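**Q** here's a sequence, model it:
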Amino acid sequence: MIRLEGIAQQITIFCLIQLRFLGLSFRRFSIKLAFLNQNLLVQRELASALKRVPGLQLVNIEIASHPDSQAAFKLIDFLDKEPCAILLTVNEWGLDSEGILHDYLQKKCSLHVNWFVDDPVFDEMMLRKKFRPSAMRIDFVSDRGYIPSMIEKEYNPKFLPLGTDPSIFFPPEEGQNKEYEMVFVGNSYRAQIDRYLEKVEEFFDGLIPLLTGVVRSYQMNVGYDVEKDIRTKIKDVPLPSGLHGEKAVFIAKQVASYLQRKDLIVSLVKRYPGFTVFGDDGWLVDIPAQRLKRASYYDGLADVYRKSEIVIDVNRVVIRDGFTQRIFDALACRSFVITSSKPAVHEFFCTSGPCQEVAAFRNINDLTRQIDYYLEHRGEMAQIAVRGYQKTLSLHTYDHRVRQMLSFSSSYLKNLKAGKSAAF
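**A** From the prediction side, this is the model:
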């Protein structure tokens, strides 16, 4: 049971943070937030943005993504000595599988804020960790498509897209030449697929014709419901021992995602001599070595975007209604972006007309048509890139995301105390 006095204390904390945002200060007042940090994915940018929140004291805790019980109890000892009103995680990393930290947070009536920037069911499907419902937990998710199923499982979810850090990703100097005509940035996911298929490779080999049909349907329309089709097609297929239905659907989606993006990227490599892929060695199975380059995220990637005329943002089919970080990072470098069409893209950006900020494609033919058009209309392409850059800096940095995260958390707690459902 959640203690109302604990909720009231949390509401007071968030109200004070919001007053700090408005420029009002409180002498000798500081709010502590514990961030379980593995220095992966968006965590560096998130930590930097948190440090800029007025009145918020960031307690950065480095801990394994999947700690054992000994590490969990060690963390609890630390939190007892260094009480924090808020615990922040990304992808639940830092939580133990036994629920030790979950029980501690429940007992202390501490607010747990988690941000899923990957598939929220990955750990449940592939590892031992299980979700434990809690009224004092909020799960932000970077793909709105997951929200209905999360609500069914008693999550308290809220859509929060990824963003960018303009101190890392920023425009080129005036007059800097473009080195690449077109680029795609992203790993092949070949190694991940090999891990998913361990012990069940023979079964999924038999599903390749089925999944190829799914991929073909998606390539004709990126709005196609891949998961629904996969569920329908495999519901009567006998499963091998140890593979339950939900896990089979999860792996099938990952395989379809891999096949879809691989086929599209390979087709662009064959069609456009000026198309370059930045990614891992897994691509070498399918594209010539001279068309593959490498750039690490914090060392060289921003320069790739700055030197590219067109950035192609090909989403995997598992991203149903969200964004990759690519689109925000590329736009922050004032690059022109063509991305997979999704409702969120058209909601957050202008995708046509005089206000256009990005281009969006619905299928491979639409993509190649737009590439060919913009290569012939570079001036128009540059103007769109400027508008996309302006929109990103005004609304889509990690400073904006942290404010949105704290603002929603405050509203959620007020509704919880009043006995209302949070507005998702």
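**Q** who touches the residue nearest to residue 252 when sequence neighbours are not counted in this structure?
**A** Counting by Cβ to Cβ, 6 or more residues apart in numbering, residue 230 is the residue found nearest to residue 252 once chain neighbours are left out, at 4.9 Å. All C-beta spots, glycine's among them, are computed from the backbone N, C-alpha and C. Shown here is residue 230, whose contacts under the criterion Cβ atoms under 8 Å, 6 or more residues apart in numbering are 211, 214, 249, 252-253, 256.
**Q** which SSE is residue 230 in?
**A** Assessed by DSSP states H and E, residue 230 sits inside helix 226-234.
**Q** which of the residues in the helix or strand just after that helix are buried?
**A** Remark: after helix 226-234, the chain's next helix or strand is helix 245-271, criterion DSSP H and E. Of the residues in helix 245-271, those with enough neighbours to count as buried (16 or more other Cβ atoms under 10 Å) are 247-265, 268-269.
**Q** again with stretch 38-48
**A** The neighbour-count criterion (16+ other Cβ under 10 Å) identifies 38, 41-48 as the buried residues of stretch 38-48.
**Q** distance to residue 183, pLDDT and secondary structure added to these, as CSV?
**A** Written out in CSV, the entries for those read as follows (distance: Cβ to Cβ, whole Å; pLDDT from 0 to 100; DSSP: H, G, I helix; E, B strand; the rest coil):
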residue, distance to residue 183, pLDDT, secondary structure
38, 28, 96, coil
41, 21, 79, coil
42, 21, 93, coil
43, 25, 96, helix
44, 23, 94, helix
45, 21, 96, helix
46, 26, 96, helix
47, 28, 96, helix
48, 26, 96, helix
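**Q** just flag the most distant two among those.
**A** Spanning the widest gap among the buried residues of stretch 38-48 are 38 and 48, at 15.5 Å by Cβ to Cβ.
**Q** picking that back up, closest one of the buried residues of stretch 38-48 to residue 279?
**A** Checking these one by one against residue 279 (Cβ to Cβ), the nearest turns out to be residue 41, at 16.4 Å.
**Q** ok, now how distant is the closest one from residue 416?
**A** 29 Å (Cβ to Cβ, to the nearest Å).
**Q** dihedrals phi and psi, residue 300?
**A** Per-residue torsions, residue 300: phi 120, psi -20 (degrees, to the nearest 10).
**Q** what number of residues lie near it?
**A** As a burial measure, residue 300 scores 12 neighbours (other Cβ atoms under 10 Å).
**Q** buried set for stretch 290-305?
**A** 291-292, 295, 301-302, 304-305.
**Q** pull the residues that contact that stretch.
**A** The set of residues external to stretch 290-305 that reach it, using Cβ under 8 Å, 6+ apart, is 44, 168-170, 180, 183, 185, 269, 275-281, 283-284, 311, 329-330, 333, 335.
**Q** filter these down to the buried ones and hand me the PyMOL line.
**A** In PyMOL, the members of the contacts of stretch 290-305 classed as buried (16+ other Cβ under 10 Å) are selected with the following command:
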select buried, resi 44+168+169+170+180+183+185+269+275+276+277+278+279+283+311+329+330+333+335
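**Q** so which of the contacts of stretch 290-305 are in helices?
**A** Counting by DSSP state H, the members of those that fall within helices are 44, 269, 329-330.
**Q** need those residues in a markdown table with distance to residue 110, can you?
**A** Rendered in a markdown table, the data for the ones in helices among the contacts of stretch 290-305 read as follows (distance: Cβ to Cβ, whole Å):
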| residue | distance to residue 110 |
| --- | --- |
| 44 | 24 |
| 269 | 50 |
| 329 | 33 |
| 330 | 37 |
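**Q** max pairwise distance over those residues: which two?
**A** Looking at those by Cβ to Cβ, the two members farthest from one another are 44 and 269, with 31.3 Å of separation.
**Q** now the buried residues of stretch 38-48 in JSON lines, with distance to residue 384?
**A** Formatted as JSON lines, the entries for the buried residues of stretch 38-48 read as follows, by distance: Cβ to Cβ, whole Å:
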{"residue": "38", "distance to residue 384": "36"}
{"residue": "41", "distance to residue 384": "28"}
{"residue": "42", "distance to residue 384": "26"}
{"residue": "43", "distance to residue 384": "31"}
{"residue": "44", "distance to residue 384": "29"}
{"residue": "45", "distance to residue 384": "25"}
{"residue": "46", "distance to residue 384": "29"}
{"residue": "47", "distance to residue 384": "32"}
{"residue": "48", "distance to residue 384": "29"}
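**Q** can you tell me which of the residues you listed is nearest residue 82?
**A** Minimum separation from residue 82 among the buried residues of stretch 38-48 (Cβ to Cβ) is found for residue 47, which lies at 16.8 Å.
**Q** surely that closest one touches residue 36?
**A** No - under the criterion of Cβ atoms under 8 Å, residue 47 makes no contact with residue 36, lying 11.0 Å away.
**Q** leaving out chain neighbours, which residue sits closest to the spatially most central residue of the chain?
**A** Closest residue to the average C-alpha location of the chain: residue 117 at 3.2 Å, with Cα atoms, centre = their mean. When the adjacent residues along the chain are set aside, residue 117 lies closest to residue 142, with 4.8 Å between them (Cβ to Cβ, 6+ apart).
**Q** neighbours of residue 82, how many?
**A** Residues near residue 82, counting by other Cβ under 10 Å: 11.
**Q** before I go, just wanted to say thanks for your time.
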